[in-house]
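A.B. asks: sequence and predicted structure are below.
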Amino acid sequence: METQTNNSNPNPSLNGNSITGSWPVWPTVDGSLGLSEDESVKYARRFYRFGFAMLPWLWAVNCFYFWPVLRHSRSFPRIRPYVVRSAVGFAVFTALLSSWAFTFAIGGERLFGPVWDQLVMYKLADKLDLTGWS
């Protein structure tokens, strides 16, 4: 007897992606109202790739929307690499942005010395007469 699998089945527990057997695991946070597995792969891939186009917040959206994929390590092996890489990319982006912001906010003139006047944007705008006031 040959068993056929139906990829368009809306219930992933029948596709063998269930962790606990009878408890269905969905690839998206909106459960049965969400995307099918094939559409989920497309969206996860798009969010991951567009995150490199200076839109790293899409990596955070990818992690949030596909949270069940991150939570269950053995489910949805086609989607998981994109979501895990998005999580790593967003963590790296957040660490870099936070360190840059804290460096300027906490260090300021004490850290950079006389170069600080050239780094600060409002002084640069005054120097180039872009502020509109004198």
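C.D. replies: Here it is on my side, so go on.
A.B. asks: shaky segments in the chain?
C.D. replies: 1-25, 120-125, 131-134 (pLDDT under 70).
A.B. asks: run through who's touching the top helix by length along the chain.
C.D. replies: For the chain, the helix that runs over the most residues, judged by DSSP state H, is helix 80-102. Contact with helix 80-102 is made by 41, 44-45, 47-48, 51-52, 56, 58-60, 62-63, 66, 69-70, 73, as judged by Cβ atoms under 8 Å, 6 or more residues apart in numbering. Every residue, glycine included, has its C-beta placed from N, CA and C.
A.B. asks: let's see which of those residues end up in strands.
C.D. replies: Per DSSP state E, strands hold no members of these.
A.B. asks: which among those residues end up buried?
C.D. replies: If you count burial by 16 or more other Cβ atoms under 10 Å, the buried members of those come out as 41, 44, 47-48, 51, 56, 58-60, 62-63, 66, 69-70.
A.B. asks: farthest-separated two in those?
C.D. replies: 41 and 56 (20.7 Å; Cβ to Cβ).
A.B. asks: for the residue most central in space within the chain, give its distance to residue 32.
C.D. replies: Nearest to the geometric centre of the chain sits residue 59, at 1.4 Å (Cα atoms, centre = their mean). Using Cβ to Cβ, to the nearest Å, residue 59 is found at 25 Å from residue 32.
A.B. asks: same question, residue 87
C.D. replies: From residue 87 to residue 32 the distance is 24 Å (Cβ to Cβ).
A.B. asks: and those two? Which one has more around it.
C.D. replies: Higher neighbour count among residue 87 and residue 32: residue 87, with 16 against 10, using other Cβ atoms under 10 Å.
A.B. asks: ok, and what's touching the next helix or strand after the longest helix of the chain?
C.D. replies: Where DSSP states H and E defines the elements, the next helix or strand beyond helix 80-102 is helix 108-112. Outside helix 108-112, the residues that touch it by Cβ under 8 Å, 6+ apart are 103, 116, 119.
A.B. asks: quick one: residues contacting the first one.
C.D. replies: If a contact means Cβ under 8 Å, 6+ apart, then residue 103 has residue 111 as its contacts.
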